[in-house]
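A.B. asks: Predicted model and sequence follow; I will ask about them next.
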Amino acid sequence: MPTYTNAIPTQPRGPALPIRRAPASGHLAAIITSDDLIGTNTHYYKGRTMPCEAPECDACSHGVPYRWHSYCAAWEPKTALHFIFETTATAAEAFIEYRDHHKTLRGCFFSAKRWQQRPNGRILIQTKPADLTEYRLPTGPDLTRCLAILWSLPEDNLGAPS
């Protein structure tokens, strides 16, 4: 039997932010709100991206190859949407260069688009420091908790980034 209430529940596991990727056409422009990125091997399996859970991974046992993806939290000034940005290892190199130079990713304005506007085209990322006099960035979320919610992982399966 359902339990009804007029109080909004707390989010003990953290915010469930939407995930976004470089669009097939046009570009995505946003400002990173997390201090750093995290990454993991993932599979595209059963119609969705999911983390590789080797050595006992269903996708691996079915011969589905994995690919490393990076994740960072970002905020889009145009829509005020806070989201998780997913990208490939090659594209993430732009973020690593920025982080190495600025000591953090927070406040990094980036533009992401696809080479020749193709759905599976190489992802191109340009970075620069954001003008933060114009914006008040939201606090960066706990990315591992956000991804656990997205991937429906149990609370005790929140591997810390290394």
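C.D. replies: Done, it's in. Owing to the predicted nature of the structure, the values given are computational and were not obtained by experimental measurement.

A.B. asks: now for the longest helix along the chain, which elements pack on it?
C.D. replies: Once the chain is assigned using DSSP state H, the helix that runs over the most residues is helix 89-102. Counting contacts by 3 or more Cβ pairs under 8 Å, 6 or more residues apart in numbering; DSSP states H and E, the secondary-structure elements packed against helix 89-102 are strand 67-76, strand 108-114, strand 123-129. C-betas here are computed from N, CA, C, even on glycine.

A.B. asks: what about that helix, average pLDDT?
C.D. replies: In this model, helix 89-102 has an average pLDDT of 97.

A.B. asks: hmm, back to that, Throw the helices and strands packed on helix 89-102 into JSON lines and include distance to L143 and mean neighbour count, thanks.
C.D. replies: As requested, the helices and strands packed on helix 89-102 are arranged in JSON lines below (distance: least, Cβ to Cβ, whole Å; neighbours: other Cβ atoms under 10 Å):
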{"stretch": "strand 67-76", "distance to L143": "6", "mean neighbour count": "20"}
{"stretch": "strand 108-114", "distance to L143": "15", "mean neighbour count": "20"}
{"stretch": "strand 123-129", "distance to L143": "18", "mean neighbour count": "16"}
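
A.B. asks: So which of the ones you listed is nearest W151?
C.D. replies: strand 67-76 (11.0 Å; Cβ to Cβ).

A.B. asks: and the closest one, which strands flank it?
C.D. replies: The pairing partners recorded for strand 67-76 under DSSP bridges are strand 27-32 (antiparallel), strand 38-45 (antiparallel), strand 81-88 (antiparallel).

A.B. asks: would you list those in a markdown table and tack on mean neighbour count?
C.D. replies: Shown next, in a markdown table, are the strands paired with strand 67-76 (neighbours: other Cβ atoms under 10 Å):
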| stretch | mean neighbour count |
| --- | --- |
| strand 27-32 | 20 |
| strand 38-45 | 17 |
| strand 81-88 | 20 |
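
A.B. asks: Output those strands as a markdown table; include the columns distance to C57.
C.D. replies: A markdown table is the format used below for the strands paired with strand 67-76 (distance: least, Cβ to Cβ, whole Å):
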| stretch | distance to C57 |
| --- | --- |
| strand 27-32 | 30 |
| strand 38-45 | 8 |
| strand 81-88 | 19 |
